[in-house]
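Engineer: My questions concern the predicted model and sequence given below.
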Amino acid sequence: MDRKIRVAAVSYLNTKPLLYGIEHSNVYQQMDLVVDYPAQLAKRLQEGTIDLALLPVAAIPQISGARIISDYGIATDGNVVSVALFSQVPIEEITSVFLDYQSRTSVRLAQLLLQHYWKKEVEFKPANEHFIEYINGTQAGVIIGDRALQQLNNFEYVYDLSAAWKSYTGLDFIFAAWVANKDLPGNFIQDFNAANEAGLNALDTVISQNPFPWYDLNTYYTENIKFLLDDNKKAGMDRFLGLL
């Protein structure tokens, strides 16, 4: 490839270790890096305005030629904490759910769990930017990312979606993976993988650079988020995509 590789990711706390590794490595000189909402990344990959994205896995089937090119991503083997259904009433009483406009995977996961695991029929409502203010009474909402961590103590009921997935299927879950829709140079992929790993070896630095009073980031990065996409994670992804 005779130009820089165009790479896109989101700027949530959960991506900071991976981005830190990339930005402090030699591979950074070979790319142009942009950040956007997760839901926008699939569109950009389809349009060809980027070459590689930390893509929500629900978008993979819609991308022609999609392939995961790294051993690292955003996954979990239980409580992820930052992707949850928030409510002031128990799940039995919920009548409608606002769906966070920022992520396709979390929204599809919530819909699947409500249908198959909780066996609950609700009205799904598109969420605007201020939807969290409207989560009250029997109206619940799916909140993701840093905003979810900030809301943990503000609601009576918080249903962790990946914990529910684990309870329902017994499997781990991948939220996002590094996906390309074209062949990338082998040496770039190797260096890119090494850069992701380097970021995970610098967690103390990443935490010190991102002060966050709402939740302990060491717990988040070492217990909640699992960055290595092992076979158990991929089995969970295959089951999820199959259910879609």
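Structural biologist: Done, it's in. Residues are numbered from 1 along each chain as shown.
Engineer: could you say what helices and strands the least confident helix or strand in the chain by mean pLDDT packs with?
Structural biologist: Across the helices and strands of the chain, mean pLDDT, DSSP states H and E gives its lowest value to helix 38-47, namely a mean of 86. For helix 38-47, the packing partners by 3 or more Cβ pairs under 8 Å, 6 or more residues apart in numbering; DSSP states H and E come out as strand 5-9, strand 52-56, helix 104-112. Where C-beta positions appear, they are placed from N, C-alpha and C, glycine not excepted.
Engineer: Out of those, flag the one nearest L229.
Structural biologist: strand 52-56 (11.8 Å; Cβ to Cβ).
Engineer: thinking again about what came up before, switch the helices and strands packed on helix 38-47 over to TSV; also include mean pLDDT and mean neighbour count.
Structural biologist: Listed next are the helices and strands packed on helix 38-47 as TSV, based on pLDDT from 0 to 100; neighbours: other Cβ atoms under 10 Å:
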stretch	mean pLDDT	mean neighbour count
strand 5-9	95	21
strand 52-56	94	28
helix 104-112	92	23
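Engineer: For N196, which of those is the nearest?
Structural biologist: So among the helices and strands packed on helix 38-47, strand 52-56 is nearest, using Cβ to Cβ, at 10.0 Å.
Engineer: dump the residue contacts of F212.
Structural biologist: L13, D146, L149 (Cβ atoms under 8 Å, 6 or more residues apart in numbering).
Engineer: Closest one to Q209 out of the residues you listed, please.
Structural biologist: L13 (11.0 Å).
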